[in-house]
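Asks: Fold the following for me, if possible:
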Amino acid sequence: MAFQGYLRQSTACFINLGDFVDLTDGVTYTIAMATAMNSATTGVRISKNGAAFITRNTATIPVYQEMGYYRVDLDTTDTNTVGRLKIIFSDPAVCLSAQADYLVLEEAVYDALIAGTASLNTNMLTMSDIDFSIKQKTSLNAATPASIQGAVTITSNADITSILADTNELQGLVSSSKISAQVKGIDADAITASALKTDAVTEITAAIWAKVVDGTITFEKFGKILLAFTAGKVIITSNSFAFYDQSDVLLFTLPITTSGRIPVIA
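Replies: Just a heads-up that it's a prediction; the model follows:
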């Protein structure tokens with residue numbers, strides 16, 4: 001018996017088994033054999049993908065149709081194995097054996113190829129030397145953000161190679177990696193006070209205070225000198241200026257040099 005068709009994995013169905021031929025006259029055998037075909041030991045037998053023959057799992061009795069063919073039901077257990085499914089029946093006392101060969105397909109494959117109710121899922125393992133069609137290139141360009149599309153328009157494999165080279169630092173990026181970048185400009189008011197981290201403000205403030213304004217005088221010392229003079233907390237001796245805070249605690253002293261008759265900070 002030639003290949004009969006495809007069955008859906010783990011799905012109940014029925015097949016037409018036949019035709020049965022009478023041993024005595026060689027014509028189509030039409031005597032009812034339903035009970036014999038449903039026997040637990042000698043009934044319709046099946047082999048799943050080359051395994052040993054077993055009796056059908058279903059208890060449904062085969063039904064004679066016509067011209068020596070019987071309807072044989074299969075349940076979800078009978079069709080649960082992907083691959084070849086061979087179905088046979090023989091009653092040596094009255095008829096020649098009959099057999100049928102089917103191929104059980106996975107549900108998704110059957111639905112896509114036979115039922116037409118689904119699409120096959122495919123995984124592309126390699127894309128070497130693939131040149132996209134005009135429709136695919138147009139679709140890729142349309143899905144690309146305008147800011148990027150303005151710089152790169154995909155028209156060939158060379159364009160894709162160029163994109164990969166330009167984004168090399170992004171490929172395989174992990175959380176511990178850093179991307180080097182040059183900032184060419186910052187819009188006005190782009191960075192607000194709330195956007196700065198505390199340590200950034202601290203570092204900026206410290207850098208300003210440490211900035212030297214004259215000789216060894218930093219902004220910090222200049223501020224303290226100005227406050228001390230304003231509060232009258234400066235004591236001038238023959239060779240130094242002594243600067244005090246509001247609580248008369250000595251802040252620091254600076255040596256004196258003479259410019260003409262006027263003492264100045266050395």
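
Asks: In which helix or strand does the closest residue in space to Phe243 that isn't next to it in sequence reside?
Replies: In space, and not counting its chain neighbours, Phe243 is closest to Ala228: 4.1 Å by C-beta to C-beta, 6 or more residues apart in numbering. The way it works is simple: take the backbone N, C-alpha and C, and place the C-beta from them, glycine included. Using DSSP states H and E, Ala228 sits in helix 219-230.

Asks: Output the contacting helices and strands for that helix.
Replies: Helices and strands touching helix 219-230, by 3 or more C-beta pairs under 8 Å, 6 or more residues apart in numbering; DSSP states H and E, are helix 198-209, strand 212-214, strand 240-244, strand 250-259.

Asks: one more time with 6 Å, if that's ok
Replies: Contacts defined by 3 or more C-beta pairs under 6 Å, 6 or more residues apart in numbering; DSSP states H and E place helix 219-230 against helix 198-209.

Asks: now the helix it packs on and helix 219-230, what's the angle there?
Replies: 60 degrees (axes from the mean of the first three to the mean of the last three C-alpha atoms, to 10 degrees).

Asks: Quick one: mean pLDDT for the helix holding Ala228?
Replies: Average pLDDT, helix 219-230: 82.

Asks: Report the angle between that helix and strand 250-259.
Replies: Computed by the same axes, to 10 degrees, the angle between helix 219-230 and strand 250-259 is 80 degrees.

Asks: Relative to the whole chain's centre, how far out is helix 219-230?
Replies: 62 Å (C-alpha atoms, centre = their mean, to the nearest Å).

Asks: and if you look at stretch 109-124?
Replies: That offset, for stretch 109-124, works out to 22 Å (C-alpha atoms, centre = their mean).

Asks: Strands of the chain, start to end?
Replies: 3-8, 13-17, 45-48, 54-55, 63-64, 70-74, 83-89, 98-105, 212-214, 217-218, 234-236, 240-244, 250-259, 262-265 (DSSP state E).

Asks: Output those strands in JSON lines, with mean neighbour count appended to each entry.
Replies: What follows is those, written out as JSON lines (neighbours: other C-beta atoms under 10 Å):
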{"stretch": "strand 3-8", "mean neighbour count": "15"}
{"stretch": "strand 13-17", "mean neighbour count": "17"}
{"stretch": "strand 45-48", "mean neighbour count": "18"}
{"stretch": "strand 54-55", "mean neighbour count": "13"}
{"stretch": "strand 63-64", "mean neighbour count": "16"}
{"stretch": "strand 70-74", "mean neighbour count": "22"}
{"stretch": "strand 83-89", "mean neighbour count": "18"}
{"stretch": "strand 98-105", "mean neighbour count": "19"}
{"stretch": "strand 212-214", "mean neighbour count": "10"}
{"stretch": "strand 217-218", "mean neighbour count": "14"}
{"stretch": "strand 234-236", "mean neighbour count": "12"}
{"stretch": "strand 240-244", "mean neighbour count": "18"}
{"stretch": "strand 250-259", "mean neighbour count": "12"}
{"stretch": "strand 262-265", "mean neighbour count": "12"}
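
Asks: Which one of the ones you listed lies nearest to Ser162?
Replies: Proximity to Ser162 (C-beta to C-beta) singles out strand 98-105 among the strands of the chain, at 43.4 Å.

Asks: Identify all contacting residues around the closest one.
Replies: Applying C-beta atoms under 6 Å, 6 or more residues apart in numbering, the contact partners of strand 98-105 are 1, 3-7, 9, 15, 17-18, 20, 79, 82, 85-89.

Asks: Check which residues of the helix holding Ala228 are buried.
Replies: 221, 224-225, 228 (16 or more other C-beta atoms under 10 Å).

Asks: could I get the residues you listed as CSV with distance to Arg45?
Replies: CSV is the format used below for the buried residues of helix 219-230 (distance: C-beta to C-beta, whole Å):
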residue, distance to Arg45
Lys221, 104
Lys224, 105
Ile225, 109
Ala228, 111
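
Asks: That'll do, ta.
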